[in-house]
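A.B. asks: sequence and predicted structure below; questions after.
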Amino acid sequence: MSRHTTIEGQYVAAISDFDKAIQLKPDYAMAAKAYSNRGAAKRKLGQYVAAISDFDKAIQLKPDYANAYINRGLAKDDLEQYVAAISDYNKAIQLKPDDANAYINRGAAKADLGQHLAAISDFNKAIQLEPDDVKAYNNRGAAKASLGQHLAAIKDFDKAIQLKSDYAEAYGNRGAAKASLGQYVAAISDYDKAIQLKPDLAEVYSNRGAAKADLGEYVAAIKDYDKAIQLKPDYANAYYNRGNAKLDLKEYVAAISDFDKAIQLEPDLADAYVSRGVAKADLEEYVAAISDFDKAIQLKPDYPDAYYNRGVVKAKLGLYSAAISDFDKAIQLKPDYANAYSNRGAAKVDLGQYVAAISDFDKAIQLEPDLAIAYSNRGVAKDHLGQHLAAISDYDKAIQLYINSGNVKAELGQRLAAISDYDKAIQLDPDFAEAYNNRGDVKYHLRQYVDAISDFDKAIQLKPDLAEAYSNRGNAKADLGQYVAAIKDYDKAIQLEPDDAIAYSNRGLAKTDLGQYVAAISDYDKAIQLKPNYAEAYNNRGLAKYHLRQYVAAISDFDKAIQFEPDYADAYISRGAAKASLNRTSEAKQDFQTALRLAEKAGDESLKAIIEEALRYFRLTIVD
């Protein structure tokens with residue numbers, strides 16, 4: 001006789017056993033339990049209607065059977081029949097007032113109906129009855145989060161995790177609450193833990209992707225959305241979020257494909273129509289974009305973003321009065337909508353209504369004092385009115401705001417958005433050297449080395465004493481293998497700023513690449529003298545010593561680098577190589593293992609490849 005080896009098989013076998021019990025005693029009250037249990041097994045198999053039929057029979061045989069009411073309520077919940085489910089939970093509570101589970105389930109059904117305060121009341125009662133019920137804390141936290149009470153929600157999730165340290169759902173929910181507070185890094189940490197505990201939580205992958213997107217990590221976000229979709233192919237929200245990440249990367253066609261899929265799965269998803277409209281507008285498909293915004297408004301007539309974006313597109317088509325009408329509606333729905341005021345002002349400028357436009361720009365700036373475009377456009381309006389000095393003041397403010405905004409976005413890794421800000425600053429002031437330098441630096445980090453050098457050239461042309469531009473240009477040339485030219489740029493940077501430790505270290509690295517190890521060490525010495533806690537300079541000096549086969553001295557430098565920066569994976573790799581060269585195999589393996597762990601934590605595949613190559617070179621094997 002074969003055995004059922006899967007969970008599903010166990011439920012099928014159980015149903016067979018309950019069938020037999022019911023057949024033997026079809027009308028006896030004890031059969032009520034068999035019907036209830038069979039219903040529970042059917043529910044586990046997703047046979048909700050059949051399960052309810054069994055619970056009906058159990059209740060008919062035993063009208064005071066509280067658990068049967070609870071189980072029937074759960075099956076109705078599965079069918080999204082929340083009102084009917086609550087009726088069953090009410091009956092269960094009437095029969096068994098001290099059943100915490102009935103309160104928890106009733107609270108969950110109320111939450112599904114949007115009755116969050118009533119739900120919290122039920123969860124409170126459950127906790128009063130069962131103070132250590134983790135589900136009650138988790139569900140109460142979710143209800144509080146739905147009410148915007150994120151700090152209170154986090155306390156409930158903390159309690160649930162304290163009671164059950166492997167409660168994946170509580171980590172996921174706490175992550176979502178932290179993300180709502182803008183604590184994206186902490187949120188990601190919670191999502192990581194939830195996924196570690198339960199790798200099949202599609203919603204957690206999607207939420208982690210959203211947190212990464214909020215940090216400007218769009219490529220990493222897309223990987224999370226991919227996983228969410230793999231786990232749940234009909235997950236409309238994951239397609240929608242992935243589309244937005246692609247939109248931020250300016251991958252408009254791919255973004256539209258994701259929005260199409262989200263809309264196919266959930267035809268009433270107004271947000272997806274708006275985002276698809278934005279993508280189409282970026283492709284200059286303005287009529288199609290307006291059609292999407294129209295649909296979003298049809299689905300959600302009080303949707304300010306839909307009116308706003310439709311207004312933006314109408315303005316691009318020269319339909320300024322119609323655009324103003326849409327901006328009016330957006331502002332009516334959302335009175336603090338700074339961008340709507342700013343764009344309405346821009347449309348009024350195009351209609352020659354300069355005084356009215358300035359009034360709108362004033363309001364936009366009042367609401368959002370760092371809105372650079374509002375200053376820029378207000379300057380245009382003032383120029384038209386002959387207020388040239390006031391216009392210049394606004395242009396100056398706009399330029400500085402674009403630069404500041406670009407710097408912040410670059411720091412957050414939002415490089416394409418940063419470039420867009422620097423572009424706007426340069427458009428307003430084509431002679432702004434720092435804007436070219438900063439834009440070049442972002443392009444450098446995008447590995448667009450030739451374009452970056454072009455920006456550094458322009459910055460140096462405009463401001464020949466801008467040391468940072470020489471240093472940055474040296475970096476780009478070094479990455480292109482132009483080490484001699486790079487060294488000349490570092491020389492100039494050091495001449496202009498003799499205390500620039502980074503320039504000395506980078507010049508040393510270029511000399512190392514040319515095999516000039518002794519000269520490189522001299523540069524690293526100077527860098528360390530200027531900046532005694534400069535981990536990278538210690539690591540680089542150690543590499544130069546390693547190439548000179550001064551392994552013990554190299555290890556001393558790698559130790560120092562790790563002391564100042566304990567998660568410095570490159571230093572562990574370097575130290576591991578030096579120890580392996582001294583046949584200190586066990587220690588070398590430990591360093592490579594640490595480096596591999598850090599690389600995996602960072603998701604750095606290129607660094608993992610370097611470690612694997614080092615292990616092959618030294619013929620070492622490490623065990624996870």
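C.D. replies: Now that the structure is in, tell me what you want to look at.
A.B. asks: now do the helices in the stretch 101-250 of the chain.
C.D. replies: Listed in chain order, the helices of the stretch 101-250 of the chain (DSSP state H, counting those that start in this stretch) span 116-129, 134-146, 150-163, 168-180, 184-197, 202-214, 218-231, 236-248.
A.B. asks: what is the fifth one packed up against?
C.D. replies: Spelled out, that is helix 184-197. Helices and strands touching helix 184-197, as assessed by 3 or more CB pairs under 8 Å, 6 or more residues apart in numbering; DSSP states H and E, comprise helix 168-180, helix 202-214. In short, each C-beta sits where N, CA and C put it, glycine included.
A.B. asks: residues contacting it, please?
C.D. replies: Residues outside helix 184-197 that contact it (CB atoms under 8 Å, 6 or more residues apart in numbering): 166-169, 171-172, 174-176, 178-179, 201, 204-205, 207-208, 211-212, 214-215.
A.B. asks: neighbours of residue 607, just the number please.
C.D. replies: Counted by other CB atoms under 10 Å, the residues lying close to residue 607 total 18.
A.B. asks: measure it to residue 600 for me?
C.D. replies: Distance from residue 607 to residue 600, counting by CB to CB, to the nearest Å: 9 Å.
A.B. asks: reformat the helices of the stretch 101-250 of the chain as TSV; add mean pLDDT, mean neighbour count and distance to residue 515.
C.D. replies: Supplementary listing: the helices of the stretch 101-250 of the chain in TSV, determined by pLDDT from 0 to 100; neighbours: other CB atoms under 10 Å; distance: least, CB to CB, whole Å:
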stretch	mean pLDDT	mean neighbour count	distance to residue 515
helix 116-129	96	20	68
helix 134-146	97	24	59
helix 150-163	96	20	55
helix 168-180	97	24	49
helix 184-197	95	20	41
helix 202-214	96	24	41
helix 218-231	96	20	35
helix 236-248	97	24	43
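A.B. asks: who wins for proximity to residue 511 among the ones you listed?
C.D. replies: Closest to residue 511 of these is helix 218-231 (CB to CB; 33.7 Å).
A.B. asks: residue ranges with poor pLDDT in the protein?
C.D. replies: Applying pLDDT under 70 to the chain picks out residues 1-30, 622-624.
A.B. asks: what do you get if the cut-off is 50, keeping everything else the same?
C.D. replies: 1-6 (pLDDT under 50).
A.B. asks: which helix runs longest in it?
C.D. replies: The residue-count maximum for a helix in the chain (DSSP state H) belongs to helix 388-411.
A.B. asks: can you mark which positions in that one are buried?
C.D. replies: Judged by neighbour count using 16 or more other CB atoms under 10 Å, the buried positions of helix 388-411 are 390-391, 394-395, 397-403, 405-407, 409-410.
A.B. asks: which among those residues gets closest to residue 109?
C.D. replies: Nearest member of the buried residues of helix 388-411 to residue 109, counting by CB to CB, is residue 409, at 43.8 Å.
A.B. asks: what is the neighbour count of the residue nearest to that closest one when sequence neighbours are not counted?
C.D. replies: Closest residue in space to residue 409, ignoring its immediate chain neighbours: residue 418 at 3.9 Å, by CB to CB, 6 or more residues apart in numbering. Neighbourhood size, residue 418 [other CB under 10 Å]: 27.
A.B. asks: residue 55: which of the buried residues of helix 388-411 is nearest?
C.D. replies: For those, the minimum distance to residue 55 (CB to CB) is 56.2 Å, reached by residue 409.
A.B. asks: what's the angle from the helix or strand encompassing residue 592 to helix 184-197?
C.D. replies: Taking DSSP states H and E as the definition, residue 592 sits inside helix 585-602. Orientation check (axes from the mean of the first three to the mean of the last three CA atoms, to 10 degrees): helix 585-602 against helix 184-197 gives 110 degrees.
A.B. asks: can you tell me what sits against helix 585-602?
C.D. replies: 567, 569-570, 572-573, 575-577, 579-580, 607-608, 611, 614-615, 618, 620-622.
A.B. asks: residues of the very next helix or strand once past that helix that come out buried?
C.D. replies: Scanning forward in sequence from helix 585-602 by DSSP H and E, the next helix or strand is helix 605-617. The neighbour-count check on helix 605-617 (16+ other CB under 10 Å) flags 607, 608, 611, 614, 615 as buried.
A.B. asks: now distance to residue 424 too, for those, in a markdown table please.
C.D. replies: Formatted as a markdown table, those follow (distance: CB to CB, whole Å):
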| residue | distance to residue 424 |
| --- | --- |
| 607 | 35 |
| 608 | 38 |
| 611 | 42 |
| 614 | 45 |
| 615 | 48 |
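A.B. asks: the closest residue to residue 312 other than its chain neighbours: neighbour count?
C.D. replies: Closest residue to residue 312 apart from its sequence neighbours, by CB to CB, 6+ apart: residue 343 at 5.9 Å. A count of neighbours around residue 343, defined by other CB under 10 Å, yields 26.
A.B. asks: got the contact list for residue 343?
C.D. replies: 308, 311, 312, 315, 323, 327.
A.B. asks: ditto for residue 119
C.D. replies: Contact analysis of residue 119 by CB under 8 Å, 6+ apart lists 107, 108, 110, 111, 139, 140, 143.
A.B. asks: quick one: it from residue 168, how far?
C.D. replies: 22 Å.
A.B. asks: related to what we said a few turns ago, can you select the buried ones from the contacts of helix 585-602 in ChimeraX?
C.D. replies: Here is the ChimeraX command that selects the buried residues among those (16+ other CB under 10 Å):
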select :569,570,572,573,575,576,577,579,580,607,608,611,614,615,618,620,622
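A.B. asks: out of everything not next to it in sequence, what's closest to the residue most central in space within the chain?
C.D. replies: Nearest to the geometric centre of the chain sits residue 212, at 1.9 Å (CA atoms, centre = their mean). Nearest non-adjacent residue to residue 212, counting by CB to CB, 6+ apart: residue 221, 4.0 Å away.
A.B. asks: close enough to count as contact, the one you found and residue 205?
C.D. replies: No. Assessed by CB atoms under 8 Å, residue 221 is found out of contact with residue 205, at 10.1 Å.
A.B. asks: ok, back up a step: widest-spaced pair of the contacts of residue 119?
C.D. replies: Farthest pair in the contacts of residue 119 (CB to CB) is 110 and 140. Separation: 11.7 Å.
A.B. asks: and the longest helix of the chain, what does it pack against?
C.D. replies: helix 372-384, helix 415-428, helix 433-445.
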